[in-house]
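# kindly return the folded structure for what I paste below:
(2 chains)
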Amino acid sequence: MTNSHPIRLTVNGTSYSRTVEPRLLLSDFLRHELGLTGTHVGCEHGVCGACTILFDGQPTRSCLTLAVQANGHALTTVEGLAASQKELHPLQQAFWEAHGLQCGFCTPGILMTLVPFLQETPNPTEEQIREAISGNLCRCTGYQHIVDAVKLAAEKMK
Amino acid sequence: MKPAPFAYSAPESLEAALALKAQHGDDAKFLAGGQSLIPAMNFRLVQAALLIDLNGLTGLAGITVTNGELHLGALARQRALERAPAVARSAPLLAEALPLVAHPQIRNRGTLGGSLAHADPAAELPVVALALDAKFKAASTRGERWITASDFFKGLFTTDLAADEMLTEISLPALPARTGACFMEFARRRGDYAIMGLAALVTLDEKGLCQSARLVFLNAGDGPLDAPQAAALLTGQSLTADSIAAAAHAVDSEINPTGNVHASPEYQRHLARVLTKRALAKAFERAQAA
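Presented below is the predicted three-dimensional model:
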């Protein structure tokens, strides 16, 4: 059994082919192999949520997935949110306007958690918002401005 | 915080996966959702020579109902089960417990079979499986066998599965008539490991008295912990605040919580009493409506 595996995957609409060692985490693959450093690495055991990406459209911890497991799948990272370099996604714009971040370390994971949440729940209550981000730790904001930003984003995205 | 090196194989058939496991035994680990295995490997609490990735075996993710029995593929994702109308209809206890399992991001990958085979005493799904008398199908190159829930869980992170066996299916029998179920837990934050929790089942007779009850706890022993003596106190009784309180009090002598950084054993025992009362009252209410 060879210990490097060829993989083919799509990230933010671009196809990539690489050869990876099985133990390479998907989070490290995105950052080190593809240079997509918007996906942050916090705890590496699934608690902090900073590395959350969309795996076939579903929010997933990239630190709890092996790169080799992404073979044949489509991923979206925070770099894939905005339509162009010149504008922000409405969710990002709302975080900017409502001060939904301070240091910004947790922000990519929170955004990637919230994109499908707002698609499924276009008019979220505060309780639903707080539950949706319960798997993402933020050490700066105390969450209040994040909740405000999600409410604002829901308005913008209607 | 990175896993030690291992070999990796993603077989395309159940037979190929079982052949690999038969060949490598305990040196190989099955990788299902990976939401417990990969953190344990990142911490190097677990090292495996070979990971056998089951995620390509999509035939093992089925959700079907046959003659009232719910048949769930071991690879069914927790999030898929949470959203499946068949689960809400046939196993409301499971549907109630699933949203309490970690966070949505974890449940998107995490599987039913993975959580059961992991047998973490703090986990919700083993408690549900034991309370519902689930049956577990184990497959190996030697054939298949069914294991009852009471035989399946053998203690801390230990099950009856042999080194060459894979859990492939879980079957949940239909609840008897006039049965109500309730899952309740207490955690510091939504999605955290619960400090205490339980599944309560109440079946009423035609007069509305308790015909049988079941109480199964998480974090109260080295696996999902049944409290049959406390539950038996309710048999033949009408479910009143007094009889429920007596059962909740009796739970104390059957559970064995060991405490952790967030809670002393005394606090866990307090929670067990409070939650037992609330869960029994809710299960009773649901049994009356059933």
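
# kindly provide the whole-number mean pLDDT of stretch B:132-148.
With pLDDT averaged residue by residue, stretch B:132-148 scores 98.

# so what touches it?
Contact partners of stretch B:132-148, identified using Cβ atoms under 8 Å, 6 or more residues apart in numbering or on different chains, comprise B:14-15, B:18-19, B:21-22, B:91, B:93-94, B:116, B:128-129, B:149-150, B:152, B:160-162, B:164-173, B:175, B:181, B:199, B:201. All C-beta spots, glycine's among them, are computed from the backbone N, C-alpha and C.

# just the pLDDT at residue A:26, thanks.
The model reports residue A:26 with a pLDDT of 98.

# just give me the neighbour total for residue B:192.
Taking other Cβ atoms under 10 Å in any protein chain shown as the neighbour definition, residue B:192 ends up with a count of 17.

# quick one: residues contacting it.
Shown here is residue B:192, which makes no contacts under the criterion Cβ under 8 Å, 6+ apart.

# doesn't it fall inside a helix?
No. Counting by DSSP: H, G, I helix; E, B strand; the rest coil, one finds residue B:192 to be coil, located in no helix.

# which pLDDT value goes with it?
90.

# need the nearest residue in space to residue 95, chain neighbours excluded.
If you meant another chain, say so; for now it's chain A. The shortest distance from residue A:95 to any residue other than its chain neighbours is 4.5 Å, reached at residue A:149 (Cβ to Cβ, 6 or more residues apart in numbering or on different chains).

# wrong one, chain B
For residue B:95, ignoring the flanking residues on the chain, the nearest one in space by Cβ to Cβ, 6+ apart is residue B:88 at 4.5 Å.

# what about the closest residue to chain B within chain A, how many neighbours?
Scanning chain A for the residue nearest chain B gives residue A:135, at 2.8 Å (criterion: Cβ to the nearest Cβ). Residue A:135: 25 surrounding residues under other Cβ under 10 Å.

# wait, it sits on residue A:49?
Yes. With contact defined as Cβ atoms under 8 Å, residue A:135 counts as touching residue A:49 (4.9 Å).

# anything in contact with each of the two?
With Cβ under 8 Å, 6+ apart applied, the overlap between the contact sets of residue A:135 and residue A:49 consists of A:113, B:103, B:105.

# for the record, mean pLDDT for stretch B:102-120?
Throughout stretch B:102-120, pLDDT has a mean value of 97.

# go through the least confident helix or strand in chain A by mean pLDDT and flag the buried ones.
One helix or strand of chain A scores below all others by mean pLDDT, DSSP states H and E: helix A:126-132, with a mean of 95. Within helix A:126-132, the residues that qualify as buried are A:129, A:130, A:131, A:132, counting by 16 or more other Cβ atoms under 10 Å in any protein chain shown.

# and those residues near chain B, which?
Judged by Cβ under 8 Å from any Cβ of the partner chain, the overlap between the buried residues of helix A:126-132 and the neighbourhood of chain B comprises A:130, A:131, A:132.

# list the residues that contact the first one.
Going by Cβ under 8 Å, 6+ apart, residue A:130 touches A:143, A:147, B:190.

# make CSV out of these and add distance to residue B:59 and neighbour count.
Rendered in CSV, the data for the contacts of residue A:130 read as follows (distance: Cβ to Cβ, whole Å; neighbours: other Cβ atoms under 10 Å in any protein chain shown):
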residue, distance to residue B:59, neighbour count
A:143, 42, 17
A:147, 42, 20
B:190, 33, 14
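
# what's downstream of the helix or strand hosting residue B:242, the next helix or strand?
Counting by DSSP states H and E, the element that carries residue B:242 is helix B:241-250. Read in the C-terminal direction, the helix or strand following helix B:241-250 is helix B:265-289, with elements assigned using DSSP H and E.

# now that next one: mean pLDDT?
This predicted structure assigns helix B:265-289 an average pLDDT of 98.

# what residues does chain A have near chain B?
So chain A meets chain B at A:1, A:3, A:5, A:21-23, A:25, A:28, A:44-46, A:49, A:52, A:55, A:58-61, A:63-66, A:68-69, A:71, A:113, A:130-132, A:134-135 (Cβ under 8 Å from any Cβ).

# mind checking which of those land in helices?
Within these, membership in helices is found for A:28, A:113, A:130, A:131, A:132, as judged by DSSP state H.

# what bridges to residue B:147?
Beta-bridge pairing of residue B:147 under DSSP bridges involves residue B:136.

# domain-wise, how is chain A divided?
Residue ranges of the domains in chain A are recorded as A:5-80, A:90-156, according to automatic domain parsing.

# export those domains as CSV, with columns for distance to residue B:210.
Listed next are these as CSV, based on distance: least, Cβ to Cβ, whole Å:
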stretch, distance to residue B:210
domain A:5-80, 41
domain A:90-156, 34
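
# in contact with residue 55, which residues?
Since no chain was named, I'll use chain A. Residues in contact with residue A:55 (Cβ under 8 Å, 6+ apart) are A:62, A:65, A:70, A:73, A:75, B:108, B:109.

# you answered for a different chain; I wanted chain B.
Taking Cβ under 8 Å, 6+ apart as the criterion, residue B:55 is in contact with A:69, B:10, B:31, B:32, B:75.

# let's have these in CSV, adding pLDDT, neighbour count and distance to residue B:48.
Formatted as CSV, the entries for those read as follows, by pLDDT from 0 to 100; neighbours: other Cβ atoms under 10 Å in any protein chain shown; distance: Cβ to Cβ, whole Å:
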residue, pLDDT, neighbour count, distance to residue B:48
A:69, 98, 23, 15
B:10, 97, 19, 15
B:31, 98, 24, 9
B:32, 98, 28, 13
B:75, 98, 24, 19
